[in-house]
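> All I have is the shape, not the residue letters:
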């Protein structure tokens, strides 16, 4: 209907020939869009990289101009800004401008960094641009991954998932950017902390209506993300504002609303944490406490759905769940991963690299229970008899070819008669090449069975719910799996 209206309106102005040209152009764009939408992430082929707009159509700022706090009379006290300070050099980036540019390449206090903001995730993050001796500069692919901005670096063209802070495609695949301390807070609060701050100027070199908010109303608490995400975690509302922190590979989210008008105090991964909220509940600041002093922590401010998608099984401050009561002692579980190859029709098509990536995300699911897998990868070849038994679904025959009682064994095979995975007896699980859920989730689910957990029909966001992408463990499931692991003599 909309396209028909465009035809009628422009047909009057362009005439028949012009209309034909316009229709050809629109068809080309649609076809190009379909081609771009088929981009595949190296991280997880099941999660598409969706091309939303052309590359750098949302233009990054490479030569930003600034003005003083006194000159920034166009800012209101409750305007939200993304601020960073290094070596006495404080800069602030109003969302009024970041909504239209999303990326600022900059150097602050001698630190080469990139200021990033995705309006679809409300994710404000500052990263170092230094990576293993390289100095990167970033642009905007115009694509989305997990409903979040995908950046690219101009040096290698690699694609970077913003909230995850990692490269998902290209030469630098698997590399991670270093998150730097920043605050997504109100202008009033930032200015009180840094009265001499420099403010990103409206003089960006681009013509944009910075007074308008194209995302007004998008942050409704229970409204869904604009684009699909692979993990749905209903422990919080999708657009609950959280501040995420990762220490030694363990992720935790602090809901901003809990800090309204107060200071939250926490101990996490051996660090003392303070979360200082404003009086209106609009924003909060996260600090490490060191020798009695507050030091800004390297955080990710975003919506809950985005943090949960990037960090499956994340802990949440203040929840009476596995995450607030579990033991802080890691339990280690030996796991041997067996790609089945040279075994006829049951042979997996997965590469070793694919299996390692898959299992890294499997581990992130079980981090919520502080269960750590000691992983070894051993390719295996089945003889004709065992291959036939696997094809028939007689998976217990696999026990004849593995040592007993020394580890969990996960076999990767081409198919499992339509199943995503299956757990067989005390120590064997199998995962198919093609799954109807995320393959790492299927693997985590089957390991749950090996650790004594049963299916649930209570909530599709839970790991043990069958046939969906949930990853949440309840307190009793964490307790049961840890008790089961602790009782295994092989450990």
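Now that the structure is in, tell me what you want to look at. What you see is a predicted model, and the numbers here were worked out from it, not measured in a lab.

> Contact partners for residue 232?
The contact partners of residue 232, by C-beta atoms under 8 Å, 6 or more residues apart in numbering, come to 305, 460-461, 469-470. Yep, even glycine has a C-beta here, placed from its N, CA and C like the rest.

> Mind picking the two most distant members of these?
Taking C-beta to C-beta as the measure, those reach their widest spread between 305 and 460, a distance of 15.0 Å.

> Give me the more crowded residue out of the two.
Set side by side, residue 305 and residue 460 show unequal neighbour counts under other C-beta atoms under 10 Å, the larger going to residue 305 at 26 against 15.

> quick one: that one and residue 233, what's the gap?
As judged by C-beta to C-beta, to the nearest Å, residue 305 and residue 233 stand 8 Å apart.

> Export the contacts of residue 232 to a markdown table and append columns for pLDDT, distance to residue 429 and secondary structure.
Putting the contacts of residue 232 into a markdown table (pLDDT from 0 to 100; distance: C-beta to C-beta, whole Å; DSSP: H, G, I helix; E, B strand; the rest coil) gives the following:
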| residue | pLDDT | distance to residue 429 | secondary structure |
| --- | --- | --- | --- |
| 305 | 96 | 29 | helix |
| 460 | 79 | 21 | coil |
| 461 | 78 | 22 | coil |
| 469 | 83 | 18 | coil |
| 470 | 83 | 18 | coil |
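
> nearest to residue 426, of those residues?
Each of those was checked against residue 426 using C-beta to C-beta; the closest is residue 470, at 24.7 Å.

> quick one on the thing from earlier: ok, so of the contacts of residue 232, who is nearest residue 319?
Ranking those by separation from residue 319, with C-beta to C-beta as the measure, puts residue 461 on top at 13.5 Å.

> residues touching that closest one, list them.
Under the criterion of C-beta under 8 Å, 6+ apart, the contact list for residue 461 reads 232-235, 468, 470-472.

> Now which of the residues you listed would you call buried?
When neighbours are counted using 16 or more other C-beta atoms under 10 Å, the contacts of residue 461 contain these buried positions: 232-233, 468, 470-472.

> confidence score at the spatially most central residue of the chain?
The residue at the geometric middle of the chain, judged as the C-alpha nearest the mean C-alpha position with C-alpha atoms, centre = their mean, is residue 310 (1.8 Å). At residue 310 the predicted local confidence, pLDDT, stands at 93.

> now residue 8
pLDDT recorded at residue 8 is 27.

> Likewise for the one 4 residues further on?
Confidence per residue is given as pLDDT, and for residue 12 that number is 27.

> Share the number of residues neighbouring residue 143, please.
Burial measure for residue 143: 23 neighbouring residues, criterion other C-beta under 10 Å.

> Now stretch 188-206: average pLDDT?
Per-residue pLDDT values across stretch 188-206 average out to 97.

> oh sorry, the question was meant for stretch 237-249
When the per-residue pLDDT values of stretch 237-249 are averaged, the result is 93.

> Begin at 27, not 1, for the rest of this chat.
Done: numbering now begins at 27, and the last item shifts to stretch 263-275.

> number of nearby residues for the closest residue to residue 410 other than its chain neighbours?
Of all residues beyond its chain neighbours, the one nearest residue 410 is residue 370 (7.5 Å), with distances taken as C-beta to C-beta, 6 or more residues apart in numbering. A count of neighbours around residue 370, defined by other C-beta under 10 Å, yields 13.

> Residue 370 touches residue 413, doesn't it?
Yes. In this structure residue 370 lies within contact range of residue 413 using C-beta atoms under 8 Å: 5.0 Å.

> how would you label residue 332: helix, strand or coil?
helix (DSSP: H, G, I helix; E, B strand; the rest coil).

> Now do it: how many residues are near it, please.
Each residue near residue 332 was counted by other C-beta under 10 Å, and the total is 27.

> ok, now residue 160?
Residue 160 has 12 neighbouring residues, counting by other C-beta under 10 Å.

> residue contacts, it?
Per C-beta under 8 Å, 6+ apart, neighbours of residue 160: residue 181.

> Can you name the residues bridging to it?
Beta-bridge partners for residue 160, by DSSP bridges, are residue 157.

> ditto for residue 131
Going by DSSP bridges, residue 131 is paired in beta bridges with residue 140.

> just the strands in the stretch 327-476 of the chain please.
Chain-ordered strands for the stretch 327-476 of the chain, with DSSP state E, counting those that start in this stretch as the definition, fall at 341-342, 357-365, 397-403, 434-439, 447-450, 454-458.

> Please tabulate those in JSON lines and include mean neighbour count, mean pLDDT and distance to residue 315 as additional columns.
Listed next are those as JSON lines, based on neighbours: other C-beta atoms under 10 Å; pLDDT from 0 to 100; distance: least, C-beta to C-beta, whole Å:
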{"stretch": "strand 341-342", "mean neighbour count": "22", "mean pLDDT": "92", "distance to residue 315": "19"}
{"stretch": "strand 357-365", "mean neighbour count": "20", "mean pLDDT": "92", "distance to residue 315": "29"}
{"stretch": "strand 397-403", "mean neighbour count": "16", "mean pLDDT": "92", "distance to residue 315": "27"}
{"stretch": "strand 434-439", "mean neighbour count": "26", "mean pLDDT": "95", "distance to residue 315": "40"}
{"stretch": "strand 447-450", "mean neighbour count": "20", "mean pLDDT": "94", "distance to residue 315": "44"}
{"stretch": "strand 454-458", "mean neighbour count": "23", "mean pLDDT": "95", "distance to residue 315": "43"}
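
> Next, format those strands as JSON lines and append distance to residue 471.
Supplementary listing: the strands of the stretch 327-476 of the chain in JSON lines, determined by distance: least, C-beta to C-beta, whole Å:
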{"stretch": "strand 341-342", "distance to residue 471": "20"}
{"stretch": "strand 357-365", "distance to residue 471": "14"}
{"stretch": "strand 397-403", "distance to residue 471": "14"}
{"stretch": "strand 434-439", "distance to residue 471": "12"}
{"stretch": "strand 447-450", "distance to residue 471": "7"}
{"stretch": "strand 454-458", "distance to residue 471": "9"}
